[in-house]
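> Quick one, fold the following:
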Amino acid sequence: MSKSFFERELLLLLRSYCSIIYIHSYEEDRLESSLKEMVKYRLNYSFYSWDFIQGYIGNPSDSGFAASNPLQALDIIDQLMKDSSAIIVLKDFYLFLKDLGVQRKLRNLSQQLKKQPKAFIITATEVNIPLSLQEIITVIDFPLPGEPEIKHELNQLFDITQTIVNPLLRNKLTRACQGLSIDRIRKVFSQIFVQYGIIEDKALEFILTEKKKIISQTEILEFYPNKETINDIGGLSNLKDWLIRRSNAFSDKAKRYGLPSPKGLLLVGVQGTGKSLTAKVIASEWELPLMRLDIGKIFGGIVGESESRMRQMIQVSEAMSPCVLWIDEIDKAFSGIEGKGDSGTTSRVLATFITWLSEKKSQVFVVATANSINFLPIEILRKGRLDEIFFLGLPNIPERELIFQVHLEKMRPKSWFKYNITILSNLTNNFSGAEIEQVIIEAMHLGFSQNRDFTTQDIVEAIYSFVPLADTCKEQIQTLQELVLSGRIRNASHDL
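Below you'll find the model as predicted:
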């Protein structure tokens, strides 16, 4: 969500007499500055601000009114004329919403203010609203700074420090800073000036390191380094062709062409068929940062926490765009949603996620993986949410030959061709790519234990002693193959 979208949304709420607005943000100063700017240039409103220590600042009759008294802070309405327009900012007020007196007062005020041009704005670093207040409080997120704001901030910074930075590097720095708050950008460049004295390409690495720290602090997203290339994938030719055609879809050239940015993929198939590897390869081939979402960590124990974490994930992902968001095993989070006894938490989280998938304009390419789609909500599978659903089946003989070659070239780059890949490929029917790698490793252990290099015969012995996963989940594979034949999902390979 851009700042301009946030301003339009907030203006709409204010003009429709929405009396209690809850704004989620970690940037209190920037948010307050933005609100004051709106009041000055776009609204004929008075502006008041309260915090627990200082009370009200700019109160019409008593500066410092309601210090250390959250309940009394709501009495400011009695001091304002009924027809006067006002925005009243209550900093950190979410911490007092559990108080029964505060809850009752807010409920009374919500009725009283339905026809008055006044609004309480609660600023908060987390979303935690008691059930009794959820119907009268509207929650919106204040976005991290977008490209125009970051560019303006950097230009000011370079002007003040009289630093000369060429336009190409300025653009790279602007893009690299996406996902950082204004305060964080200022701190990062202060450290860059101290460490290097000048602004060079090394600053980009410094910014990337800072972003990794921020993402790790969310405890939801993980910045995932990867070096895999498309040559590391054996087979999956249809999927590879699809990815190669879209390799420049996030470029400025594509934007000028009017090409919409790709939304994402759902990759389905049994374990070990290359779904996770594909997610890594996409980011590497498209030269985009890869973030991995641990979907299980979205769900918290406190009411409203799960929804808040989903919103935080969306905000950070959008601020990092263009990027690849890898959601591993999404089916574990949302399968069988109707039967989950969690008071609707999973349904609300899913609704937030689905709405974002449908409406997102940011360049966040979602790669979701699933072992099965039988119990996934139909909303995720609908066209328009993601670009395509690919089935990654068990590799056929030519693909198994490629997989053996890829792994043997890694293990024995100078002698891989000595192994009889044709025989090995014919013996590994129903083996996944991960299982092929495992039998090679098992053969290596055998050779190592006898102080010799491993041979084709060692791999053959490992194959005969291995029971592939496909033998225990034939029905699941058959169901996915039937979906491919019906045209509901695409096959990642040329044939089944």
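
> Could you look up the SS state of residue 333?
helix (DSSP: H, G, I helix; E, B strand; the rest coil).

> Name the SS class of the residue nearest the centre of the chain, please.
Nearest to the geometric centre of the chain sits residue 317, at 3.7 Å (CA atoms, centre = their mean). What three-state DSSP gives for residue 317 is helix.

> That one and residue 325 touch, don't they?
Yes: counting by CB atoms under 8 Å, residue 317 touches residue 325, with 5.1 Å between them. For every residue, glycine as well, the C-beta is placed using N, CA and C.

> so what sits against both of those two?
By CB atoms under 8 Å, 6 or more residues apart in numbering, residue 317 and residue 325 have these common neighbours: 291, 364.

> Which parts of the stretch 101-250 of the chain are strands?
Remark: strands assigned in the stretch 101-250 of the chain by DSSP state E, counting those that start in this stretch are 118-124, 138-141, 221-223.

> any idea how far the first one is from the chain center?
The chain centroid and the centroid of strand 118-124 are separated by 27 Å under CA atoms, centre = their mean, to the nearest Å.

> Does anything pack onto it? Which helices or strands?
Under the contact definition 3 or more CB pairs under 8 Å, 6 or more residues apart in numbering; DSSP states H and E, strand 118-124 sits against strand 20-24, helix 28-41, strand 86-91.

> Throw those into CSV and include mean pLDDT, distance to residue 294 and mean neighbour count, thanks.
Listed next are the helices and strands packed on strand 118-124 as CSV, based on pLDDT from 0 to 100; distance: least, CB to CB, whole Å; neighbours: other CB atoms under 10 Å:
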stretch, mean pLDDT, distance to residue 294, mean neighbour count
strand 20-24, 93, 21, 21
helix 28-41, 90, 28, 15
strand 86-91, 94, 32, 22
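
> all helices of the stretch 201-350 of the chain, in order?
Counting by DSSP state H, counting those that start in this stretch, the stretch 201-350 of the chain has helices at residues 202-217, 237-245, 252-257, 275-286, 305-320, 331-334, 345-359.

> Nearest approach to residue 263 belongs to which of those?
Shortest distance between residue 263 and these, using CB to CB, is found for helix 345-359: 6.8 Å.

> Moving C-terminal from that closest one, which element do we reach first?
Note on helix 345-359: by DSSP states H and E, the next helix or strand toward the C-terminus is strand 364-370.

> Would you give the sheet partners of that next one, along with the direction of each?
Sheet pairing for strand 364-370, assigned by DSSP bridges, gives strand 264-268 (parallel), strand 323-327 (parallel).

> Mark out where each domain of the chain begins and ends.
Under the assignment automatic domain parsing, the domains of the chain span 3-141, 147-217, 230-391, 397-429+433-467.

> surely residue 63 meets residue 56?
Yes: using CB under 8 Å, residue 63 makes contact with residue 56 at a distance of 6.7 Å.

> Which residue of those two possesses the greater neighbour count?
More crowded of residue 63 and residue 56, by other CB atoms under 10 Å: residue 56, with 24 against 12.

> Specify the beta-bridge partners of that one.
residue 50.

> Pull the contacting residues for it.
48, 49, 50, 62, 63, 64, 65, 66, 73, 76.

> so where do the helices sit in the stretch 351-496 of the chain?
Using DSSP H, counting those that start in this stretch, helices in the stretch 351-496 of the chain cover 378-381, 397-411, 421-427, 433-449, 456-464, 474-486.

> closest one to residue 215 among those?
Per CB to CB, nearest to residue 215 of those: helix 378-381, 24.3 Å.

> Mind checking the pLDDT average for that closest one?
Mean per-residue pLDDT for helix 378-381: 81.

> That one packs against which elements?
Applying 3+ CB pairs under 8 Å, 6+ apart, one finds that helix 378-381 contacts helix 345-359.

> Please produce CSV containing the strands of the stretch 101-250 of the chain, extended by distance to residue 411.
Converted to CSV, the strands of the stretch 101-250 of the chain look like this (distance: least, CB to CB, whole Å):
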stretch, distance to residue 411
strand 118-124, 53
strand 138-141, 48
strand 221-223, 28
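
> how deep is residue 8 tucked in, by neighbour count?
Neighbours of residue 8 under the rule other CB under 10 Å: 11.

> where's it relative to residue 36, distance?
18 Å (CB to CB, to the nearest Å).

> sorry, back to before: could you dump the helices of the stretch 351-496 of the chain into CSV with mean neighbour count and distance to residue 140 added?
Listed next are these as CSV, based on neighbours: other CB atoms under 10 Å; distance: least, CB to CB, whole Å:
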stretch, mean neighbour count, distance to residue 140
helix 378-381, 15, 23
helix 397-411, 19, 48
helix 421-427, 17, 56
helix 433-449, 18, 44
helix 456-464, 17, 57
helix 474-486, 15, 39
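
> can you put those in a markdown table and add distance to residue 127?
Listed next are these as a markdown table, based on distance: least, CB to CB, whole Å:
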| stretch | distance to residue 127 |
| --- | --- |
| helix 378-381 | 23 |
| helix 397-411 | 46 |
| helix 421-427 | 53 |
| helix 433-449 | 39 |
| helix 456-464 | 52 |
| helix 474-486 | 38 |
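
> To residue 362, which of the ones you listed lies closest?
Proximity to residue 362 (CB to CB) singles out helix 378-381 among those, at 18.9 Å.

> Show me the contact partners of the closest one.
Contacts for helix 378-381 (CB under 8 Å, 6+ apart): 266, 330, 334, 350, 354, 357, 368, 373, 385, 386, 389.

> May I ask which two of those are separated the most?
350 and 389 (17.3 Å).

> No more questions from me, cheers.
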